[in-house]
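In: what's the 3D shape of this:
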Amino acid sequence: MDAFAAFGTPVVAPGIGRSMLLNLCCARVPGAASGDGWEVARAAREVDPDFPVIYMSGNASNQWPIQGVPKSIMLNKPFAPVQLVTALSQLLNENYSGASDAS
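Out: Predicted coordinates for the structure are as follows:
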């Protein structure tokens, strides 16, 4: 979240009664009781088909073409904060500019 603040982007933290800006999730979370990032993103897209999704992973990026939702972005760990800001900007520009091409 500090990366967004450094670039002047407002950050809305989930769980404080406000809408989430995006789904930033680790693709694989071994042993997670609530599912992994792939499942979380699919659930978010059921509610809002244009919901911005950014996956991050150190070892599951090869599964993104199969497991990932359309029009999402995969960041390989480790990544620089500017890469996260760039990915978010790209998704928001695509989602709110009327772009309709699928990836």
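In: pLDDT weak spots in the chain?
Out: Filtered on pLDDT under 70, the chain yields the residue ranges 1-23, 29-35, 96-103.
In: Regarding I66, which helix or strand does it belong to?
Out: helix 64-67 (DSSP states H and E).
In: Of all the residues in whichever helix or strand comes after that helix, which ones are buried?
Out: For helix 64-67, the following helix or strand on the C-terminal side (DSSP H and E) is strand 73-76. Buried residues in strand 73-76, counted by 16 or more other C-beta atoms under 10 Å: 73-75. To be clear about C-beta, it is placed using only N, CA and C from the backbone, and glycine gets the same treatment.
In: strands paired with strand 73-76, and their directions?
Out: Under the criterion DSSP bridges, strand 73-76 sits next to strand 53-57 (parallel) in its sheet.
In: can you give me the helices for the chain?
Out: Taking DSSP state H as the criterion, the chain carries its helices at 2-6, 37-47, 64-67, 81-96.
In: Can you add distance to C25 and mean neighbour count and give the ones you listed back as CSV?
Out: CSV is the format used below for the helices of the chain (distance: least, C-beta to C-beta, whole Å; neighbours: other C-beta atoms under 10 Å):
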stretch, distance to C25, mean neighbour count
helix 2-6, 16, 12
helix 37-47, 3, 16
helix 64-67, 12, 13
helix 81-96, 13, 15
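In: Now render those helices as a markdown table, adding distance to A27.
Out: Putting the helices of the chain into a markdown table (distance: least, C-beta to C-beta, whole Å) gives the following:
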| stretch | distance to A27 |
| --- | --- |
| helix 2-6 | 19 |
| helix 37-47 | 5 |
| helix 64-67 | 7 |
| helix 81-96 | 14 |
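In: okay, now the nearest residue to L91 once chain neighbours are set aside: neighbour count?
Out: Spatially, and ignoring its direct neighbours in sequence, L91 is nearest to P52 (4.0 Å; C-beta to C-beta, 6 or more residues apart in numbering). A count of nearby residues for P52, using other C-beta atoms under 10 Å, gives 23.
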